[in-house]
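Asker: only geometry, no sequence info:
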């Protein structure tokens, strides 16, 4: 927080505003390539996904407050006005609480991981729970069906992420020299494919992130090593996520905490593998000559051909052309003349510039001086002064006063 004056502070903007850093705007070329839309949230991300903390089933039933205001069959809800713990809900309120969590992800499967975890907190904890207040009735039957649908939504999200990680792993199994050519999507321009390859932000350490197009050779090698090590670490936990995925559609339902762990594993696998696939493409777009020498090791190829982050090599050729002379500028403080007819002579004497150039340079100034002189003469004539007196005051001969007001 920054302090303005004693006792007055400005809080930082909330994270949901997603404000960019100042240096990000150097890459905004509006209307040129649409590079903002070319980068996915993963490729533009500068931090690994954070796990979502989830409690055990019993604390979730007794201490977690869920929103349960509205209609049990609505597809759009206002801000919640009523909250209940699961053990204090009626059967209808439980349907409302579940539906409020399902609707945001039902029609938009790309919602954030935290929303799926929030759905899992209620759905997986409520499966098999019969401690809702009141008689069951038809609400119990509909709640059971809705919980089954929610389980399918959770299963689909986790399965989609794990399948994406598998596809990325298949691409990463190929030699790096075979990447880059398949970077372009079916409905994507080549410019956007280049944007994704060059402007993806990759980590060199846990704290340092750099754009591919700004990376030094050492940073490019460090990013490769760090992403591969991170990928290997999380790949060993893939079976844990796959096991929880299989249990989602069986009677051995996992807890919300287990689902949160599984989806975080999938998140890390997708995030890391997507960064690595895009980095491979960025390397090959940056060093196309590498395809001609595929036996060269990656560190050696980067040391030889990496074009970013260091001075450009000198190229033999003709000497550069001398710069063109810049247009001469006139310092207004040099002019002390009060009459426009004296300005050109004074500037010529003080600067040595020829008459034609001085006339062109001082034309706006002299026109403004004439307008001011005419305005002043008209004001003095309106005050009742004679033309001779007015001419003396504005610096003209009496014969020129009449010419000054031809329209009068």
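Answerer: That came through fine. Note that the structure is predicted; figures quoted are calculated from it, not measured. Numbering: from 1, shown residues only.
Asker: how is this protein carved up into domains?
Answerer: Domain ranges of the chain: 33-305, 332-404, per automatic domain parsing.
Asker: count the neighbours of residue 257 for me.
Answerer: For residue 257, the tally of surrounding residues (other C-beta atoms under 10 Å) stands at 20. Where you see a C-beta, it was placed from the backbone N, CA and C, and this is true even at glycine.
Asker: adjust the sequence numbering to begin at 45 for everything that follows.
Answerer: Sounds good: first residue 45 from here, last item residue 301.
Asker: can you show me the strands along the stretch 295-444 of the chain?
Answerer: Remark: no strands are assigned in the stretch 295-444 of the chain by DSSP state E, counting those that start in this stretch.
Asker: may I have the phi/psi pair for residue 110?
Answerer: Phi and psi for residue 110, reported as degrees, to the nearest 10, are phi -110, psi 140.
Asker: beta partners of it?
Answerer: residue 128 (DSSP bridges).
Asker: between the two ends of stretch 167-181, how far is it?
Answerer: In stretch 167-181, first residue to last residue: 19 Å (C-alpha to C-alpha, to the nearest Å).
Asker: what stretches of the protein score poorly on pLDDT?
Answerer: Low-confidence segments of the chain (pLDDT under 70): 45-81, 153-155, 225-233, 356-363, 366-373, 446-452.
Asker: what's the neighbour count on the closest residue to residue 135 other than its chain neighbours?
Answerer: Leaving aside its chain neighbours, residue 135 sits nearest to residue 183 (3.7 Å; criterion: C-beta to C-beta, 6 or more residues apart in numbering). Using other C-beta under 10 Å, residue 183 has 20 other residues around it.
Asker: where do the strands of the stretch 145-294 of the chain begin and end?
Answerer: With DSSP E, counting those that start in this stretch as the criterion, the stretch 145-294 of the chain has strands at 245-247, 253-255.
Asker: which other residues reach the last one?
Answerer: By C-beta atoms under 8 Å, 6 or more residues apart in numbering, the residues outside strand 253-255 that reach it are 90, 91, 242, 243, 244, 245, 246, 247, 248, 263, 267.
Asker: can you redo those residues as JSON lines with distance to residue 129 and neighbour count?
Answerer: Output for the contacts of strand 253-255, formatted as JSON lines (distance: C-beta to C-beta, whole Å; neighbours: other C-beta atoms under 10 Å):
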{"residue": "90", "distance to residue 129": "37", "neighbour count": "12"}
{"residue": "91", "distance to residue 129": "33", "neighbour count": "11"}
{"residue": "242", "distance to residue 129": "51", "neighbour count": "19"}
{"residue": "243", "distance to residue 129": "47", "neighbour count": "21"}
{"residue": "244", "distance to residue 129": "44", "neighbour count": "24"}
{"residue": "245", "distance to residue 129": "42", "neighbour count": "21"}
{"residue": "246", "distance to residue 129": "44", "neighbour count": "24"}
{"residue": "247", "distance to residue 129": "41", "neighbour count": "21"}
{"residue": "248", "distance to residue 129": "46", "neighbour count": "20"}
{"residue": "263", "distance to residue 129": "50", "neighbour count": "23"}
{"residue": "267", "distance to residue 129": "47", "neighbour count": "26"}
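Asker: out of those, who's nearest residue 331?
Answerer: Relative to residue 331, the closest of these is residue 242; by C-beta to C-beta it sits at 12.2 Å.
Asker: separation between the closest residue to the closest one other than its chain neighbours and residue 308?
Answerer: Nearest non-adjacent residue to residue 242, counting by C-beta to C-beta, 6+ apart: residue 257, 4.1 Å away. In this view, residue 257 and residue 308 are 30 Å apart by C-beta to C-beta, to the nearest Å.
Asker: with residue 121 instead?
Answerer: Taken as C-beta to C-beta, the span from residue 121 to residue 308 is 27 Å.
Asker: ok, those two, which is more surrounded?
Answerer: residue 308 (19 against 15).
Asker: what about residue 116, how many neighbours?
Answerer: Using other C-beta under 10 Å, residue 116 has 19 neighbouring residues.
Asker: tell me the secondary structure for it?
Answerer: Of the three states, residue 116 takes coil under DSSP: H, G, I helix; E, B strand; the rest coil.
Asker: isn't it right next to residue 183, touching?
Answerer: Yes. Assessed by C-beta atoms under 8 Å, residue 116 is found in contact with residue 183 at 7.4 Å.
Asker: picking up where we left off before, for residue 364, state which of the contacts of strand 253-255 is nearest.
Answerer: residue 242 (28.2 Å).
Asker: looking at it, the closest one is touching residue 326, isn't it?
Answerer: Yes. Between residue 242 and residue 326 there is a contact under C-beta under 8 Å: 5.7 Å.
Asker: hey, what's in contact with both of these two?
Answerer: 256, 257.
Asker: any chance of a markdown table for the strands of the stretch 145-294 of the chain, columns distance to residue 279?
Answerer: As requested, those are arranged in a markdown table below (distance: least, C-beta to C-beta, whole Å):
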| stretch | distance to residue 279 |
| --- | --- |
| strand 245-247 | 17 |
| strand 253-255 | 22 |
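Asker: for these, which one sits closest to residue 433?
Answerer: strand 253-255 (73.9 Å).
Asker: that'll do, ta.
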